[in-house]
Each structure stands twice: as C-alpha cells, then as structure tokens.
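Q: A structural model of the following input is requested.
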Amino acid sequence: MAAKSNSVRVQRPPYRRLRHFAFDPMLSRRLDSYDINEVVTKLPWEENLLPGPVDAYLEVVDFDPASRVFYAPVDLNDRYILAQDGLAPAESNPQFHQQMVYAIIRTTIGHFEKALGRKSLWSPHRMVNNGTVKFEFIERLRVYPHALREANAYYSPDKKALLFGYFPASAAECGENMPGELVFTCLSHDIVAHETTHALLDGLHRRFIEPSNVDVWALHEAFADIVALFQHFTYAEVLRRQIARTHGDLQKQNLLGELAQQFGQAIGSYGALRSALGSIDPETKEWVPEKPDPAKILSTTEPHARGAILVAAVFEAFLAIYKERIKSLLRIASGGTGILPEGELHPDLVEKMAQEASKTAGHILNICIRALDYCPPVDINFGAYLRALITADADLVADDPHNYRLAFIEAFRRRGIYPGDVRNMSVESLLWDKPEQFDGMQGAFHKVFRNAAQLSKLVPEWELSTDRRKIYDQTQNSQKTLHGWFTDPAALDAANAARIVLSRDVPRSFYSKSGVPTLEVHSVRPARRIGPQGQAVSDLVIEMTQRRRGYYSAQIQADVDSGKLDPPEPDFIFRGGCTLLVDPDTAQVRYCVYKNIMSEDRLKRTREFLTESDSPSLRATYFGDPRRVYYRGITVTGEEGKAASAMEPFAFLHRSSEGEEVGL
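A: Here you go, the predicted structure:
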C-alpha cells in the first residue's frame, strides 16, 4: 500500500523583503547612524519578476555608456538572495545598485497607488503617422542605474526612463567623502524617490512640464522633494532614533528633514543638497534654522530654490500638526508642565511619539498626492495647489479635528504664498467652487452625463488588481467617447460650463479643425479614497485641454487673433482647460477646476514670464533659456515632433551654468 504524501502546500508570500540604504551610503560610515541606515522594505510579491529586475512597472537596464559595460542583472528570485532579504548593501556591487533603485521606485509607486486608490500609469508616447496622432502605451519605465558619468540624475519624458549618474567627489570640499571617491546617485534614497516622483507626476499631468509660469517647474521639483522627505517617516527605527536624539523636537536639525546628504557634500555644499529645516552657513559652517520670509517668494525664480519654499511650507504644516498631536504625551511625561526633563527619553515615550510622527507624515503625504486630482490640468501654480490641498482634505475629512487645513494655510501664508483668486485665506474661501443648480451649470452638465448608467460608459475597470494595459486601453476608449459627447453641438452649454471653447467665433490663434477649436481629452480616471471613519469617496476625474498659438510680440499676437495676419510659427503654446470631478453615483459634477483659454491677462502673464530679462547664466547664453528652448522644440518641429531639448526639461534644470549639478 502506497504511503500518503505528507507534503504541505505553501502559499505564495504576500511580500518580497529587500534591503537598501535609508538615506545615503555615507551614513553607514558614521558611528551614530550606521545601525539605522540599512532598512528592509516589504514590496508586493511579483510572481513574474525577471532578472534586472523587470516587472509589470519597471525594467532596470544596467548599461554604463562611459565604461561600455553591461552589468549582469540581479535575480531577486535566487534562493540565496531571497533567504537574506536581498543582497547586502554594498557601494561597489552593481547588482545591489539595481536592487536598491527597484526597491525605492516600487515603494514610491505604492504610496501613490494607496493615496489615489488606483494603479499608476506612465505617460504615453505621443506619435504621429501621416498627420494622425496616436498614443503608445508605456508598460515599463526604464531605469538606468549608471547612465551618466556626471553629478546628475533625471527623469526623461522622451525616453520614458530614469537616468542616474555617478561622479567623483570634490577634491577640495568633499565633506565626509574621500576626495575623488565615486558617488552614485542611484544609492541615494532621496534622489531615487525624487526622480520617480517626476515620472509619476508626468503620468498624471503631462502638461505640468510646460513652463507657463514661474511656479510650474518649481512645483515639479518641490513635489518630488516632498515625497522623498515624507518617505523617511516610514522607516520605524530611523524615526525612533531621530526623535530620541532631538528630544522629540523634530524642528531641530535631523536626518528626516534633509535630502541627499552625501551628494550635497560631494559637490562642496557643506551639507545636504536641500533641507526643509535649515542650512549650513558657508562662512561659519554652522547649521542655521530656516526662517519664513514672505518676501522671498517675490524674488526667487530658480526652480529648486523656489520649490524649496513650498517644501518648507508643507514641512512646517507637518511639524505644527505633530506638535499638537504629542501635547498630551508631553503633559503626561512632564507631570503637566509640557516641558520634558533633561536626559534620555523613556523608550515607551519615544515609541508613542514616533507613532504620532509616522501617522501625521503619512496623512500629509496622502493629502499632497490626493491633491493632484484637484488641480487644473495646465498652468499650475502654488496658490492653486494650496486650494487643491484644502479641497482634497475637506472632501475626505469634514471636521478636521487636528486642524490640518489651518496648519497648511498658516504655513503657506508665512511664506507669502497666496492664491490670486480668493478674497481671504479662510478654509471656506480656499475650497474650490462647486457648480450649483441655480446657476445653470449643473443642468448643462446633466445634458452630457445624464445619470449613473450613462456615466458608467466612461468608467474604466481600474482596480488595483486590473492589468495596466487593459486599464490604458479602456481609458483611451473613454477619452474618445467623452470627446464625442462634448463636441456634439447639443452639448455646447456643457462645454461652456466647463470653460471649453467650441465656437467658430474665436481668436485665429486657436488650433482648430474645420473652423472649430480642437479639444483634447487628457484623461478619464477614477479616484477612490477611504476616510478616517471608513467612509468611501469616489470620483471620476476628467481632464480636457485646448491650445492657442502664442507670440512674444503682443502686436503679432493681436494681428493673428484678429485675422490680419495668417498665423506664423508660434513662439510658445498657450493652453487652457478644466478638471472635472464627477460623482459616479449621481453623475453630478462636484468641482470644475479650470484655466480659461480666453483669458488675455493669463496670456499676457505667460508672455511676460517667457520674455522677462533675467540675467542669463553662461549655459543659457550658449544653449538658450530652457523655458524658451522647451517651446521652440515643440513648435518648430510641430507639437507632436520630437526635439531632444524640448523633451528633456529635467536634464536642463539639473545642470548649472558650468555644466555641474545644482539640484535634483
């Protein structure tokens, strides 16, 4: 008689555990941080993960053009690698470099998907064949850990890739680095998270790359820093150590509020590349806390420096909320005074404070990401982003018991960041206006969306388990359907309510077809969010844009618009459009966030921004102002053409006048 099998069926693990640096390799050489700089991250288990690594989102390609070497791809399914939570952190091991970029990128993607309640898509390739525009689905973002031998790293919208560089540390001012030692940007948690955020933001709002005002590129840089900063708070031991070291006061200098320390020191910056808390005085070499200056926003134009103002505002809001949440802990630990005694904090107090800090940081990060669905599709600025933050949070948390919204408003006000279209800085004034029945807008939209059954024709199957190719194909069909609905002559009232211009009587600078201004439906995507009380908030987020030819000469603009002059090749593209948030159950439009394409004031401001006489850097003298170069590429070659200078704005931004790195 055959023996019965005693084998036990083992289920697939829910997570893959991978080791990586929490910050930079340099921190593993310090006595006070070596034991917290190696962390283990849990990623969703990928059944079909290939060597590279290559999965459904990413393809790591480790070719080093400078050395003309292909490094062997790491196989994360190797049993020995699996058994030890991935390869051990090692600066000299290319396979660990591959592992680290993969772990950080997938972690960043996870935060976006959690906040938005849907899978992330990369920005598609735009292609033209015989005058017909087509979009090509990008399944995997390519990642090159050793793409550049220079102090740089950037996201390439043209290549749909992340390119990381490596370079020798400064021989004169190298900080804690060895003079001339190689510094790898792919080993910096902050740089990898930052560049990944650029790619994710481009997938959501591909027109946020177009420099129509001084805040556009600055917001791209700031948002990428915000994501990198608040991911620090997901590393429990790092958080506990910093709370213990600062005695619970995270406003003091600490690792959590600093970005890319090794990179900053390697290029001679005497400290981290950027910090939300303060900076090193180049004269005294002492750390100086950041002080809000509302006048600074008026004179700061460089994207990283201007973005740092927004980052500081968001981080100040976090600190204010964190301090409020730990007040009761401080009272208990201090016998009611609220002032902790000298000496080390009790481990239980550190743990409770760390939990509050982690929870608050997670909330702030989710709010910042969710706000992206409440932004206009073009010409974003800091003021509009503040309104999006406040509205996104109010939609999910009606009572705001910890005053998150007031903390944001106060921090933005202290740095001179104000929306230009509100009467005051109260919460109710900053909320986006809702279309009401009595003004006729809701009735106009009703003619298009009708009811939930009609709206369901647009809703793609966008679950976290749905294949991303299927999601993309469905959204393409939804965009075509929606385009047909809004361009139907019977829907003219709905188009007007959405500030979409479809009349033949328009300025001749409009791009048009058969005399009617063209309309592009950018996206149709669901947003699903779960509130603190377990309530679900769902929307269908719709983005539509239009375009006009813009000219540096106001006279040429006037002559083209009036029909006196046939439109010559434009100097820039001027866009308008709207973001509609539609309730899928009632088919009512809850918000219409728009930028009016008929606004002559906005057109004038864009022209002035692109022609203002800033003192040009040496690089701008030879290669041109990157703002103008961007538009020259997409206008001279045709909007659907490919001009490398136009499609690589982040490569331009990340180089100084001498060709050196000024910020990532």
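Q: Next, work out how far apart Lys457 and Pro435 are.
A: When distance is defined by CB to CB, to the nearest Å, Lys457 is 21 Å away from Pro435. In this view, the C-beta of every residue, glycine as well, is placed from N, C-alpha and C.
Q: what about these two, which has more around it?
A: For Lys457 against Pro435, the residue with the higher neighbour count under other CB atoms under 10 Å is Pro435, and the figures read 19 against 11.
Q: Pull the contacting residues for Asp85.
A: Arg17, Leu18, Arg19, Val40 (CB atoms under 8 Å, 6 or more residues apart in numbering).
Q: out of those residues, who has the most neighbours?
A: Leu18 (24 neighbours).
Q: Which strand residues bridge it?
A: Listed by DSSP bridges, the beta-bridge partners for Leu18 are Thr41.
Q: While we're on it, how confident is the model there?
A: Here, the pLDDT recorded for Leu18 equals 97.
Q: same deal with Asn130?
A: Taking Asn130 on its own, its pLDDT is 69.
Q: Averaged over its residues, which helix or strand of the chain has the lowest pLDDT?
A: Scoring the helices and strands of the chain by mean pLDDT, DSSP states H and E places helix 618-623 at the bottom, with a mean of 43.
Q: hang on, Tyr552 packs against Phe609?
A: No: counting by CB atoms under 8 Å, Tyr552 stays clear of Phe609, with 11.0 Å between them.
Q: moving C-terminal of the longest strand seen in the chain, what's the next helix or strand?
A: Counting residues, the longest strand found in the chain (DSSP state E) is strand 536-550. Taking DSSP states H and E as the definition, the helix or strand that follows strand 536-550 towards the C-terminus is helix 554-562.
Q: buried set for that next one?
A: Buried residues in helix 554-562, defined by neighbour count with 16 or more other CB atoms under 10 Å: Ile556, Gln557, Asp559, Val560, Asp561.
Q: again with stretch 397-415
A: When burial is assessed from 16+ other CB under 10 Å, stretch 397-415 yields the following buried residues: Val397, His402, Tyr404, Arg405, Leu406, Ala407, Phe408, Ile409, Glu410, Ala411, Phe412, Arg415.
Q: Could you count how many residues lie near Glu608?
A: Using other CB under 10 Å, Glu608 is surrounded by 12 other residues.
Q: Check which helices and strands the strand or helix carrying it sits against.
A: Assigned by DSSP H and E, Glu608 falls within helix 600-611. In terms of contacts (3 or more CB pairs under 8 Å, 6 or more residues apart in numbering; DSSP states H and E), helix 600-611 is packed against strand 536-550, helix 554-562, strand 572-582, helix 626-636.
Q: Mean neighbour count, those: which tops it?
A: strand 572-582 (a mean of 24; mean count of other CB atoms under 10 Å).
Q: Neighbouring strands - and their directions - for that one?
A: Strand 572-582 has these partner strands in its sheet, going by DSSP bridges: strand 536-550 (antiparallel), strand 589-595 (antiparallel).
Q: quick check, distance from that strand to the centre of its chain.
A: Per CA atoms, centre = their mean, to the nearest Å, the displacement of strand 572-582 from the mean C-alpha position of its chain is 19 Å.
Q: Turn the buried residues of stretch 397-415 into a markdown table, columns for distance to Pro303, secondary structure and pLDDT.
A: As requested, the buried residues of stretch 397-415 are arranged in a markdown table below (distance: CB to CB, whole Å; DSSP: H, G, I helix; E, B strand; the rest coil; pLDDT from 0 to 100):
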| residue | distance to Pro303 | secondary structure | pLDDT |
| --- | --- | --- | --- |
| Val397 | 32 | coil | 91 |
| His402 | 32 | coil | 93 |
| Tyr404 | 27 | helix | 96 |
| Arg405 | 27 | helix | 97 |
| Leu406 | 29 | helix | 97 |
| Ala407 | 25 | helix | 97 |
| Phe408 | 22 | helix | 98 |
| Ile409 | 24 | helix | 98 |
| Glu410 | 25 | helix | 97 |
| Ala411 | 20 | helix | 97 |
| Phe412 | 18 | helix | 98 |
| Arg415 | 16 | coil | 97 |
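Q: Show me which of these is closest to Met178.
A: Arg415 (38.1 Å; CB to CB).
Q: surely that closest one meets Glu290?
A: No: counting by CB under 8 Å, Arg415 sits too far from Glu290 to count as a contact (9.9 Å).
Q: so what's in contact with the two at the same time?
A: Ala312.
Q: And the pLDDT for the closest residue to Ala272 other than its chain neighbours?
A: Here the nearest residue to Ala272 in space, its sequence neighbours aside, is Glu258; by CB to CB, 6 or more residues apart in numbering that works out to 3.8 Å. Reading off the confidence values, Glu258 has pLDDT 88.
Q: Run through the bridge partners of Glu258.
A: Beta-bridge partners recorded for Glu258 (DSSP bridges): Ser275.
Q: That one contacts Ser275, doesn't it?
A: Yes: with contacts counted by CB under 8 Å, Glu258 reaches Ser275, the gap being 4.6 Å.
Q: would you list every one of the strands in the stretch 201-350 of the chain?
A: Counting by DSSP state E, counting those that start in this stretch, residue ranges of the strands within the stretch 201-350 of the chain are 258-259, 274-275, 278-280, 287-289.
Q: can I get those in CSV with mean neighbour count and distance to Glu176?
A: As requested, those are arranged in CSV below (neighbours: other CB atoms under 10 Å; distance: least, CB to CB, whole Å):
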stretch, mean neighbour count, distance to Glu176
strand 258-259, 26, 14
strand 274-275, 27, 16
strand 278-280, 19, 13
strand 287-289, 13, 15
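Q: any chance of the ones you listed in CSV, with distance to Asp393 too?
A: Converted to CSV, the strands of the stretch 201-350 of the chain look like this (distance: least, CB to CB, whole Å):
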stretch, distance to Asp393
strand 258-259, 25
strand 274-275, 25
strand 278-280, 27
strand 287-289, 27
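Q: Out of those strands, the one nearest Gly86 is which?
A: Distances from Gly86 to each of these were compared by CB to CB, and the smallest falls on strand 258-259, at 24.0 Å.
Q: Not counting that closest one itself, show me its contacts.
A: The contact list for strand 258-259 (CB under 8 Å, 6+ apart) reads Asp190, His194, Asp225, Ala228, Leu229, Gly271, Ala272, Leu273, Arg274, Ser275, Ala276, Leu277.
Q: ditto for stretch 350-361
A: Residues from elsewhere that reach stretch 350-361, judged by CB under 8 Å, 6+ apart: 230, 232-234, 236, 239-240, 243-244, 248, 250, 318, 321-322, 325-326, 329, 345.
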